[in-house]
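Novice: Everything below, folded, please.
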Amino acid sequence: MWNQVYDPTGSAVLSTILAAIPVLILLGLIATNVVKAHIAAIIALIIANLIAIFIFTMPAAMSIRATILGSITGFFPIGWIVLNVIFLYRLTVEKGQFEKLQQTIGSVTDDRRIQLLLIAFAFGAFFEGASGFGTPVAVTGAILIGLGFSPLAASGLSLIANTAPVAYGALGTPIQGLSQVTGIDPYLLGAMVGRQLPFFSVLVPFWLIWVFAGRKGMMQIWPAILVTGASFAISQFAISNYINPWIVDIGASLISMACLIGFLQVWQPKEVWTSPKLRGHDISDDGTLKEAKPIVRPSRAEIRAALTPWVIVCVILLIWGTGFFKSAVNSWAVWNYPVPGLDKMIAKMPPVAPGPTPEAATFSFTWLSYTGTGMFIAAVLSGFAMGFTPLAMLKTYARTIKLCAYSLITIAAMLALGTLTRLSGIDSTLGLAFAATGVFYPFFGTLLGWLGVALTGSDTASNILFGNLQKVTSEQLGLSPILMGAANSSGGVMGKMIDAQSIVVASTATGWFGHEGSILRFVFWHSIVLACLVGVLVTLQAYVWPFTAMVVVQP
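Specialist: Next up, the predicted model:
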């Protein structure tokens, strides 16, 4: 048994700096485009292993096993989802159905700003709620690129839009994970998150259009933005506080889309914004400004054909996301592999845990209940519906694997880095630095959630990583553990746009390989500013509006 060490140098400041080195190197290499994203991830992973072994005293055998476990976890489930989303996308492209889908959505309005509201924000939120794990960015990024948006616009704007829904993604998986590590009722945590994120569900659509079209372009359609954001926010609050935390995104996104489309029947912008360019300075790969594609209005039969694959996806993923389905298939379609020499051989120590707590290190291969498996089945069914033969689909799948190879390597390396930093205690060292901020903890504790998602690429993983630390620290400081547990999840959603996995998914979906640094630079400051705003809100809830943190309605 090896006990985690959180201050190996005897200096909290120096230990924190050393713990931050792998993350800083990773982000720095990606942002500066010094090397490709998969090389940057591998370099950061090697450095993290050296620091874990020689600074944090983790046995080398454990460090290597943690790296291998994380790499495999990177492919299952996240890489498996990305691969099959792109597979479905390529099937629809080859049959011309994706172009018809773009035309169908684009035909709702010619205004590019409203297309962003409908696709990147509302439609993306639906896929976040149904499956999460990179699916919404992959889908919306591909749709936007087909509508004529530049790779940078399609990638960056999809990432910015995919924030407010993240805490309830994959049918509330982040809330469930937070509940497991804190012991707090998931209904209470979900309700508290529902008292934080609705403010940003209103703000983010305005932010999204401001980034795309500037202040003037945003103000020209403020009624449509307000309808989209407010309908989502009100639904998000009501469902999370009075129904359950599992269907929040699905319900809110459908209501938001219906409200926006209905509003467009009685209101239209005076000036139609037809340019897909980012405020006139966006460029494509060849250095030229992209021109708007003409909107073609398909027939009803073409609309039905274009929507069929995505209706199949929605039905399959809704089934795959239910607890009933998962519990039914996971009782037999599972292979649990406790990693020898790693599983329960590492102990979390106080103050991260109440006492020495063995860390599980088991690879749970729930092959049938994976969201990616549902996506694969949906893709195959859609392929048959579109007239593909099995051999044609097999050839397309082989081309998809080749296309996604570097992205899958990057995702595997990212998860290996996240798993290693978690098991070595490096992440906890960073977390304790935030926890030492005393009266400012509500603000910095929120940023801890942001850091967790930026590191791991998952709000669920961030909640599992730092959820108990949030509970322990808040109790020591006399704060509500429900408030700070929820703050970890709410702050984490703003880190989603800068985590390397999401950026790689975005670059893969838009075909903009090798430009991950450009995407990161585009979204980085938006991520930080929005995370700080969440921190300010949580601080106000803690000290100025304490009633919002004390009274939680349980369904």
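
Novice: switch to C-alpha atoms for all contacts and neighbour counts from now on
Specialist: Will do.

Novice: Can you pull up the most central residue in the protein?
Specialist: Centroid-nearest residue in the chain: residue 496, 4.6 Å away (criterion: CA atoms, centre = their mean).

Novice: the strands in the stretch 251-400 of the chain, which residues?
Specialist: Taking DSSP state E, counting those that start in this stretch to define them, one finds strands in the stretch 251-400 of the chain at 335-338, 346-348, 357-358, 362-365.

Novice: Just name the most buried of those strands.
Specialist: Compared across the strands of the stretch 251-400 of the chain, strand 346-348 shows the largest average neighbour count, a mean of 22 (mean count of other CA atoms under 10 Å).

Novice: how many other residues sit next to the closest residue to residue 393 other than its chain neighbours?
Specialist: If the residues on either side of it in the chain are set aside, residue 393 comes closest to residue 383, at 7.1 Å by CA to CA, 6 or more residues apart in numbering. Neighbours of residue 383 under the rule other CA atoms under 10 Å: 21.

Novice: per-residue pLDDT, residue 540?
Specialist: For residue 540, the model assigns a pLDDT of 95.

Novice: tell me which element it falls in.
Specialist: For residue 540, the element it lies in under DSSP states H and E is helix 516-543.

Novice: From residue 316, how far out is residue 307?
Specialist: Going from residue 307 to residue 316 by CA to CA, to the nearest Å gives 14 Å.

Novice: An error on my part: the question was meant for residue 153.
Specialist: For residue 153, the distance to residue 316 - CA to CA - is 30 Å.

Novice: what's the closest of the strands of the stretch 251-400 of the chain to residue 234?
Specialist: strand 362-365 (37.3 Å; CA to CA).

Novice: State the mean pLDDT of stretch 81-94.
Specialist: 83.

Novice: Buried residues in that stretch, which are they?
Specialist: By neighbour count on 16 or more other CA atoms under 10 Å, the buried set for stretch 81-94 is 81-92.

Novice: same thing with stretch 63-76?
Specialist: So for stretch 63-76, counting by 16+ other CA under 10 Å, buried means 63-76.

Novice: Tabulate the strands of the stretch 251-400 of the chain (a markdown table), appending mean pLDDT and distance to residue 403.
Specialist: Formatted as a markdown table, the strands of the stretch 251-400 of the chain follow (pLDDT from 0 to 100; distance: least, CA to CA, whole Å):
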| stretch | mean pLDDT | distance to residue 403 |
| --- | --- | --- |
| strand 335-338 | 92 | 29 |
| strand 346-348 | 92 | 38 |
| strand 357-358 | 90 | 40 |
| strand 362-365 | 89 | 25 |
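
Novice: so which of those strands gets nearest residue 406?
Specialist: Taking the strands of the stretch 251-400 of the chain one by one with CA to CA, strand 362-365 is closest: 22.9 Å.

Novice: Strand partners (parallel or antiparallel) of that closest one?
Specialist: Counting by DSSP bridges, the strands paired with strand 362-365 are strand 335-338 (antiparallel).

Novice: and residue 318, what does it touch?
Specialist: By CA atoms under 8 Å, 6 or more residues apart in numbering, the contact set of residue 318 is residue 130.

Novice: where's it relative to residue 110, distance?
Specialist: In terms of CA to CA, residue 318 sits 31 Å off from residue 110.

Novice: repeat for residue 369
Specialist: 39 Å.

Novice: more neighbours, the two?
Specialist: Each of residue 369 and residue 110 has its neighbours counted (other CA under 10 Å); residue 369 has more, 22 against 17.

Novice: Tell me how many other residues crowd the nearest residue to that one once chain neighbours are set aside.
Specialist: Once flanking residues are discounted, residue 369 sits nearest to residue 326: 5.7 Å by CA to CA, 6+ apart. The number of residues packed around residue 326, counting by other CA under 10 Å, is 17.

Novice: I'd like the distance from stretch 355-372 to the chain centre, please.
Specialist: Remark: stretch 355-372 is offset 19 Å from the chain centroid, using CA atoms, centre = their mean, to the nearest Å.

Novice: Identify the residues contacting that stretch?
Specialist: Counting by CA under 8 Å, 6+ apart, residues outside stretch 355-372 touching it are 3, 69, 73, 76-78, 80-85, 131, 317, 320-321, 325-326, 329-330, 333-339, 342-350, 373-374, 423.

Novice: what does stretch 249-265 give?
Specialist: Contacts of stretch 249-265 (CA under 8 Å, 6+ apart): 108, 118, 122-123, 125-130, 165, 168-169, 171, 224, 227-229, 231-233, 235-236, 239.
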